[in-house]
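Enquirer: Sequence and predicted structure, then a few things I'm wondering about:
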Amino acid sequence: MREEPRDYRRIFKGEDLTYFTVRVKQTDVCIGAVHNLRKQAEESIVKYRQQVEDYIRRQPVFLESLVPIEPQDDAPVIIRHMCQASKSAGVGPMAAIAGAISFYTAKDLLSSSSELVVENGGDIYVAGARERRIGIFAGKSTFTGKIGLILKPEDLPISVCTSSGTVGHSLSFGCADAVVILSRDACLADASATAIGNIVKTTEDIGTALEKAQTIQGILGALVIVGERMGAWGCVRLVKL
């Protein structure tokens with residue numbers, strides 16, 4: 001399989017952090033920390049990937065289901081978290097996988113870095129006490145690289161997860177160039193981005209998508225981009241880049 005370019009990564013990096021990339025099988029994570037924590041990060045990613053892979057062997061429907069499922073009683077915390085998020089959003093549990101890996105990896109690293117940015121396939125977890133700016137990547141939309149989100153210290157920690165029907169390999173039944181969801185809960189943000197992205201077939205669906213975002217408890221803000229049109233709701237501070 002041809003490796004997908006990760007050009008979007010240059011639009012969220014800050015000069016105050018050390019950035020490094022960790023690749024484990026299909027997982028490709030870019031991390032910004034106060035110093036290089038590659039070894040620790042790799043150990044965490046391997047650990048959580050293994051938990052998910054082992055669980056899929058026990059309950060194969062977890063991998064393929066496009067609707068919420070109930071986890072087994074002894075399922076690992078990451079699995080139960082993904083299932084709960086998918087239930088809230090109304091999608092399958094694997095819709096939360098990128099957000100889950102970014103969050104649980106960050107959780108392990110926070111004791112070693114007070115400032116942290118963990119990006120996994122466009123899903124970003126940000127922690128710390130400094131204002132951050134994150135550029136929006138929306139494929140061929142005219143907004144790509146021209147606008148970004150401001151995350152204030154009081155917003156942190158927060159997850160910023162993106163789903164697209166025109167960019168990347170992730171499954172989406174919609175046509176949005178970008179659906180960006182903000183939440184304290186990384187799994188919820190990821191699953192909800194997928195659910196809301198599935199709604200958007202044309203620019204006429206932007207309003208409906210934003211209304212849907214408001215019905216999911218735990219979502220703090222949403223941004224929907226289709227071509228040259230966009231709409232936003234909630235805790236979304238936009239800035240021109």
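Expert: Right, received. Where do you want to start? Because the structure is predicted, anything quoted here is derived from the model rather than measured. Numbers count the residues shown, from 1 in each chain.
Enquirer: how much space is there between the residue nearest to Gly207 when sequence neighbours are not counted and Ser112?
Expert: Nearest non-adjacent residue to Gly207, counting by Cβ to Cβ, 6 or more residues apart in numbering: Gly231, 6.4 Å away. Glycine gets a C-beta too; all of them are placed from N, C-alpha and C. Look at Gly231 and Ser112: by Cβ to Cβ, to the nearest Å, they are 39 Å apart.
Enquirer: ok, the two, which is more surrounded?
Expert: Gly231 (17 against 13; other Cβ atoms under 10 Å).
Enquirer: which residues touch the more buried one?
Expert: Taking Cβ atoms under 8 Å, 6 or more residues apart in numbering, we find Gly231 in contact with 206-207, 209-210, 223-224.
Enquirer: Make sure it is indeed in a strand.
Expert: Yes: assessed by DSSP: H, G, I helix; E, B strand; the rest coil, Gly231 belongs to a strand.
Enquirer: For it, which residues count as its bridge partners?
Expert: Counting by DSSP bridges, Gly231 forms beta bridges with Val224.
Enquirer: Tell me the predicted confidence for it.
Expert: Gly231 is assigned a pLDDT of 96 by the prediction.
Enquirer: cool, and the one 4 residues further on?
Expert: Note for Cys235: predicted pLDDT of 94.
Enquirer: Could you report the distance from it to Ile147?
Expert: Distance of Cys235 to Ile147, computed by Cβ to Cβ: 16 Å.
Enquirer: ok, now His35?
Expert: From His35 to Ile147 the distance is 31 Å (Cβ to Cβ).
Enquirer: Between these two, which has more neighbouring residues?
Expert: Set His35 next to Ile147 and count neighbours by other Cβ under 10 Å: Ile147 wins out with 18 against 9.
Enquirer: Could you tell me how far stretch 54-66 lies from the centre of the chain?
Expert: For stretch 54-66, the separation from the chain centroid amounts to 21 Å (computed by Cα atoms, centre = their mean, to the nearest Å).
Enquirer: So for it, mean pLDDT?
Expert: Throughout stretch 54-66, pLDDT has a mean value of 97.
Enquirer: List the buried residues in it.
Expert: By neighbour count on 16 or more other Cβ atoms under 10 Å, the buried set for stretch 54-66 is 55, 59, 62, 65.
Enquirer: What of stretch 128-147?
Expert: Buried-residue list, stretch 128-147, by 16+ other Cβ under 10 Å: 128, 132, 134-139, 141, 143-145, 147.
Enquirer: go on, stretch 108-121?
Expert: Within stretch 108-121, the residues that count as buried by 16+ other Cβ under 10 Å are 108-110, 113, 115-121.
Enquirer: got TSV for those, with distance to Lys39 and secondary structure too?
Expert: What follows is those, written out as TSV (distance: Cβ to Cβ, whole Å; DSSP: H, G, I helix; E, B strand; the rest coil):
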residue	distance to Lys39	secondary structure
Asp108	12	helix
Leu109	11	helix
Leu110	16	coil
Ser113	13	coil
Glu115	19	coil
Leu116	16	strand
Val117	18	strand
Val118	15	strand
Glu119	19	strand
Asn120	18	strand
Gly121	22	coil
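Enquirer: I'd like the list of the buried residues of stretch 54-66 that fall within helices, please.
Expert: Among the buried residues of stretch 54-66, DSSP state H puts 55, 62 in helices.
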